[in-house]
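1. Need coordinates for the below:
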Amino acid sequence: MVVSAVIVTPPALIAGGGAMFAPAVLATGAVIGILSSVIPYRLELESLRRIPMRLFGVWMSLEPAVAALIGLALLGQHLSAVEWLAICCVMVASAGAAVLARGAKP
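-> Coordinates of the predicted model:
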C-alpha cells in the first residue's frame, strides 16, 4: 500500500493540484482505503485463526471468481472463456488439495 501510494501520489498532485487536499477528497480516500484493504485484511486474519487452513485456502481461491462476478455485475467487465477456465482450475486445484490434505491426516 505504501509503495502504491508513493507511485500514485505525484501524478495525482499534478492532475489535481490543491484540490487533492480538500477535506472531502481526503476523507473519501481514507474511507476507500479502510474499506478496501484494512477491513478485509483484518477479517481474513481473524478467519484464519478460527477455521482449518485447508478451508481457508479454498475460500481464498474463490476470491478471483467473486471479483470477476462483481466486475461483471457492477462494471460490465467480461472475461474470456480461457480466463473463466483458469479461475475454475485454481478453485478445483485448491479444493482437491484440501480434500487430499484431509485424507492424509489421521
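2. going forward, measure contacts between C-alpha atoms and count neighbours the same way
-> Will do.
3. just the helices in the chain please.
-> If DSSP state H is used as the criterion, the helices of the chain fall at 2-16, 23-33, 39-50, 53-70, 81-104.
4. Tell me where the model's unsure across this structure.
-> Low-confidence segments of the chain (pLDDT under 70): 102-106.
5. Report the central residue of it.
-> residue 63 (6.5 Å; CA atoms, centre = their mean).
6. That residue and residue 90, how far apart?
-> Distance of residue 63 to residue 90, given as CA to CA, to the nearest Å: 10 Å.
7. Then residue 82?
-> In this view, residue 82 and residue 90 are 12 Å apart by CA to CA.
8. swap in residue 47?
-> As judged by CA to CA, residue 47 and residue 90 stand 21 Å apart.
9. quick one, which of these two is more surrounded?
-> A count of neighbours by other CA atoms under 10 Å puts residue 90 above the other of residue 47 and residue 90, at 16 against 13.
10. right, and the more buried one touches residue 61 too?
-> Yes. Using CA atoms under 8 Å, residue 90 is in contact with residue 61, at 6.4 Å.
11. CA-only coordinates of stretch 41-48 in PDB, if you can.
-> C-alpha atoms of stretch 41-48 as PDB (Å, rounded to 0.1, in the frame of the first residue of the first chain):
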ATOM      1  CA  TYR A  41      -7.200  -8.000   5.700                       C
ATOM      2  CA  ARG A  42      -8.400  -8.000   9.300                       C
ATOM      3  CA  LEU A  43     -11.300 -10.300   8.600                       C
ATOM      4  CA  GLU A  44      -9.000 -12.700   6.700                       C
ATOM      5  CA  LEU A  45      -6.600 -12.900   9.600                       C
ATOM      6  CA  GLU A  46      -9.500 -13.500  12.100                       C
ATOM      7  CA  SER A  47     -11.000 -16.200   9.900                       C
ATOM      8  CA  LEU A  48      -7.600 -17.900   9.600                       C
END
